[in-house]
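Asks: pasting the structure only:
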């Protein structure tokens, strides 16, 4: 079975907008198009439910029910309990709140492991805990390939490590890290695990329950939804950490790590992400429990992306004047392709834009990762990122235009 790309693209209003015709979108790692189901729910909430939720009157009850629906359906797709999923204004903000909880919980001299493969916005909050007497150990990627070797992690683990933080995949290296293996290593050493899934989740919701990390974070605006951060915290850890929310919310797991009030409309609209996954599952005849159906959709998305990605990697790999970051095997990586060239990445992106290719250039908050691979962050890279709604015609246009500008 292959992904029905025509059905997929019909779910996204952006593909019928006149101003976007003739354009191919290759900066999806910065944020995806929004599916129609999310737009419809957001419009309905602002039109019909824009009242304080969970009250005794109809509009209020309906608004609260839609917020609960988003949490229950998405948690089921992620393979976790409903109260283990919470929402915040962004993944960066969610990470900051978690870091404050760990700051209060940990003792001076205990350690947290981070990587230099991370996006800075989701690594920085942990690194700043060094000022509180917490040891920060850096698990470094290979300077040539960008690969994170689990054997190097083993050398950093000891009884003082309380948390291991790493990305499911980097937003410039693109290699998919073995979450299950890394989680098992950390747990065996007595440490908890926090996975930054921002760059992976757009390519299919992972079964977090099956993989085993204690924390998994990703962004709805990169998974076809509104600007919210989704945060899975497994109950065994969440109940140990100090409450960061209002005092009266301390007994509710999904409210313990949201200091501010929730964005009612955007949380309710996140149920549209579940609508979209269900629509794909139904259209392709996938059956089973929500996490099983989501896993089937994940595989359809990944198979489509891998088919489109391999020719691009092969094409770029033939050019001696370019450095392609990350693996050249499409099955090992996300379709987020960073290229270091003689010219700055932003200049190349500008040239692409003039020819109908929407891409990005710069350091993408991944200065540590680029410096670790001996790439000048000030010069940056050209980043070409796509997702499952990208068509073969987009790839053909991209490779033709790349030949012209490179």
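Replies: It's in. As the structure is a computational prediction, the values presented were derived from the model and not from experiment.

Asks: shaky segments in the stretch 301-406 of the chain?
Replies: Along the stretch 301-406 of the chain, no part satisfies pLDDT under 70.

Asks: do the chain as well
Replies: Using pLDDT under 70, nothing in the chain is flagged.

Asks: which is the next helix or strand following the longest strand belonging to it?
Replies: When the chain is parsed with DSSP state E, its longest strand is strand 161-167. Per DSSP states H and E, the first helix or strand lying C-terminal to strand 161-167 is helix 179-188.

Asks: now the helix or strand following that following helix against strand 161-167, angle please.
Replies: Counting by DSSP H and E, the next helix or strand C-terminal to helix 179-188 is strand 192-196. Between strand 192-196 and strand 161-167, the angle comes out at 20 degrees (axes from the mean of the first three to the mean of the last three CA atoms, to 10 degrees).

Asks: what residues does strand 192-196 touch?
Replies: Contact with strand 192-196 is made by 91, 95, 98, 118-119, 122-123, 162-168, 179, 182-183, 186-187, 211-218, 237, as judged by CB atoms under 8 Å, 6 or more residues apart in numbering. Every C-beta, even on glycine, is put in place using the N, C-alpha and C of the backbone.

Asks: need the buried ones from these selected in ChimeraX.
Replies: To isolate the buried members of the contacts of strand 192-196 in ChimeraX, using 16 or more other CB atoms under 10 Å:
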select :91,95,98,118,119,122,123,162,163,164,165,166,167,168,179,182,183,186,211,212,213,214,215,216,217,218,237
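
Asks: which residues touch residue 380?
Replies: 344, 345, 346, 361, 362, 363, 364, 370.

Asks: over to residue 245?
Replies: Taking CB under 8 Å, 6+ apart, one finds 255, 256, 257, 258, 259 in contact with residue 245.

Asks: name the residue closest to the centre of the protein, please.
Replies: Geometric centre of the chain, nearest residue: residue 198, 1.6 Å, by CA atoms, centre = their mean.

Asks: can you tell me the element residue 3 falls in?
Replies: Secondary structure (DSSP H and E) places residue 3 outside all helices and strands.

Asks: quick check: phi and psi at it.
Replies: Main-chain dihedrals, residue 3, degrees, to the nearest 10: phi -60, psi 130.

Asks: correct me, but it touches residue 304?
Replies: Yes: using CB atoms under 8 Å, residue 3 is in contact with residue 304, at 4.2 Å.

Asks: okay, and the common contacts of the two?
Replies: Contacts common to residue 3 and residue 304, judged by CB under 8 Å, 6+ apart, are residue 388.

Asks: what's the spacing between the residue nearest to residue 361 when sequence neighbours are not counted and residue 265?
Replies: Distances taken as CB to CB, 6 or more residues apart in numbering put residue 345 closest to residue 361, at 3.2 Å, once the chain neighbours are dropped. According to CB to CB, to the nearest Å, residue 345 and residue 265 sit 36 Å apart.

Asks: more neighbours, these two?
Replies: residue 345 (23 against 20; other CB atoms under 10 Å).

Asks: where do the strands of the stretch 101-250 of the chain begin and end?
Replies: 111-115, 135-139, 161-167, 192-196, 215-219, 229-233 (DSSP state E, counting those that start in this stretch).

Asks: list the helices and strands the fifth one packs on?
Replies: Where contact means 3 or more CB pairs under 8 Å, 6 or more residues apart in numbering; DSSP states H and E, strand 215-219 is packed against helix 91-105, strand 192-196, strand 229-233.

Asks: swap in 10 Å and give it another go.
Replies: Identification of packing neighbours for strand 215-219 by 3 or more CB pairs under 10 Å, 6 or more residues apart in numbering; DSSP states H and E yields helix 91-105, strand 161-167, strand 192-196, helix 208-211, strand 229-233.

Asks: what of the third one?
Replies: For strand 161-167, the helices and strands in contact under the criterion 3+ CB pairs under 10 Å, 6+ apart are helix 91-105, strand 111-115, helix 120-127, strand 135-139, helix 150-156, helix 179-188, strand 192-196, strand 215-219.

Asks: I'd like the ones you listed as TSV, with distance to residue 55 appended.
Replies: What follows is these, written out as TSV (distance: least, CB to CB, whole Å):
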stretch	distance to residue 55
helix 91-105	27
strand 111-115	42
helix 120-127	35
strand 135-139	45
helix 150-156	49
helix 179-188	41
strand 192-196	36
strand 215-219	30
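
Asks: to residue 57, which of those lies closest?
Replies: When the helices and strands packed on strand 161-167 are compared by CB to CB, helix 91-105 sits nearest residue 57, at 31.4 Å.

Asks: and residue 375, what does it touch?
Replies: By CB atoms under 10 Å, 6 or more residues apart in numbering, residue 375 lies in contact with 143, 146, 172, 323, 325, 338, 340, 345, 363, 366-367, 369, 381.

Asks: going through those, which ones are buried?
Replies: Buried, going by 16+ other CB under 10 Å: 146, 172, 323, 325, 338, 340, 345, 363, 366, 367, 369, 381, out of the contacts of residue 375.

Asks: surely the fifth one meets residue 169?
Replies: No: with contact taken as CB atoms under 10 Å, residue 338 and residue 169 are classed as non-touching, separated by 11.9 Å.

Asks: got any residues that touch both of these two?
Replies: Joint contacts of residue 338 and residue 169 (CB under 10 Å, 6+ apart) are residue 326.

Asks: before we move on, the earlier item: hmm, residue 383 and the residue nearest to residue 361 touching each other?
Replies: Yes: Residue 345 is within contact range of residue 383, at 7.0 Å (criterion: CB under 10 Å).

Asks: and residue 7, how many residues sit next to it?
Replies: 12.

Asks: what strand or helix carries it?
Replies: helix 5-10.

Asks: what residues sit buried inside that helix?
Replies: Those would be 5, 8, 9, for helix 5-10 by 16+ other CB under 10 Å.

Asks: residue 32 is in contact with residue 389, isn't it?
Replies: Yes: if you go by CB under 10 Å, residue 32 and residue 389 touch, sitting 8.2 Å apart.
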